[in-house]
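Undergrad: Show me how the following folds:
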Amino acid sequence: MTSFRALWFSLLVALSVISTSARSQDSTAARHRVVPLSKMQPEQWTTIVSGDPTKSGEIFVMRIHNDAGYIVFPHVHPMDEHSTVVQGSWSLGMGPRFDRSALRPVETGDYALVPKTMAHFAWSKTETIVQVHGIGPFNSTLVDPVYELTDKGVVVLTSLLQPGRPTSSSPPDCFALAIGTQVRGDAGKGTVVGARCSPANQITEYWVRRANGERFWATLPQLKRR
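TA: Down below sits the predicted model:
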């Protein structure tokens, strides 16, 4: 969930800064580096490949992981976003509201450009890794607030990369299923471990963990209690 994403993003940025400092003392390392594509660890949503995405004017490269079925709600960036799918099957659409009919497939090896300040959204058909590059600072500001259900309560998100703000309430129609609910759907069966609700888009997506530890996302109409 977002708390994990934000934690990993902050940690990896810090590691990137440390690594950059070390490379400045080793000119050989600064001239050449290869970063193989490897499977990310559970709960690892981002990894910094090069540069520092928080620094203004600095070129950066990062990789973003999404589980199968994940909806990226409409958001904007202050810089041009260059994306290449390096694993999986992804889809991208433009606009301030999530619209499945507007999604355009972006398969492994495909490149996509989203100009700065343009609202856009995405959906992962399968587990995906998208490599993003651009000129920092890199922020992902949601067009409308999103509520996130976690094992520690509900938080309100205004960014896809920053921690949410705890809240004692959420729209009454947001979360029909509680954490721990046993569900099944076309993607399999498992236990609800989290959820995200976008009132503006009238969508709640649930994060489901299978018995083998693998996870996927599905909306309420795609799930049944078991």
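
Undergrad: Leaving out the residues flanking it, which one is nearest to the most centrally placed residue in the chain?
TA: Per C-alpha atoms, centre = their mean, the C-alpha nearest to the average position across the chain is that of Asn66, at 5.7 Å. Nearest residue to Asn66 in three dimensions, chain neighbours excluded: Ser124, at 4.2 Å (C-beta to C-beta, 6 or more residues apart in numbering). To be clear about C-beta, it is placed using only N, CA and C from the backbone, and glycine gets the same treatment.

Undergrad: number of nearby residues for the one you found?
TA: The number of residues packed near Ser124 is 23, by other C-beta atoms under 10 Å.

Undergrad: Quick check: it touching Leu92?
TA: No: look at Ser124 against Leu92 with C-beta atoms under 8 Å: they stay out of range, at 10.5 Å.

Undergrad: Can you pull the residues that touch both of these two?
TA: Taking C-beta atoms under 8 Å, 6 or more residues apart in numbering as the contact rule, Ser124 and Leu92 touch no residue in common.

Undergrad: quick one: pLDDT of the residue nearest to Asn66?
TA: Ser124 is assigned 98 on the pLDDT scale.

Undergrad: And for Ala22?
TA: In this prediction, Ala22 has a pLDDT value of 44.

Undergrad: and what of Pro172?
TA: Note for Pro172: predicted pLDDT of 89.

Undergrad: measure it to Thr108 for me?
TA: Separation of Pro172 from Thr108 (C-beta to C-beta, to the nearest Å): 41 Å.

Undergrad: which of those two has more neighbours?
TA: Thr108 (14 against 7).

Undergrad: contacting residues for that one?
TA: Val85, Val86, Gln87, Gly88, Ser89.

Undergrad: Just among the residues you listed, which is most surrounded?
TA: Of these, with other C-beta under 10 Å as the count, Val85 tops at 22 neighbours.

Undergrad: Checking my notes, that residue in a strand, right?
TA: Yes: according to DSSP: H, G, I helix; E, B strand; the rest coil, Val85 belongs to a strand.
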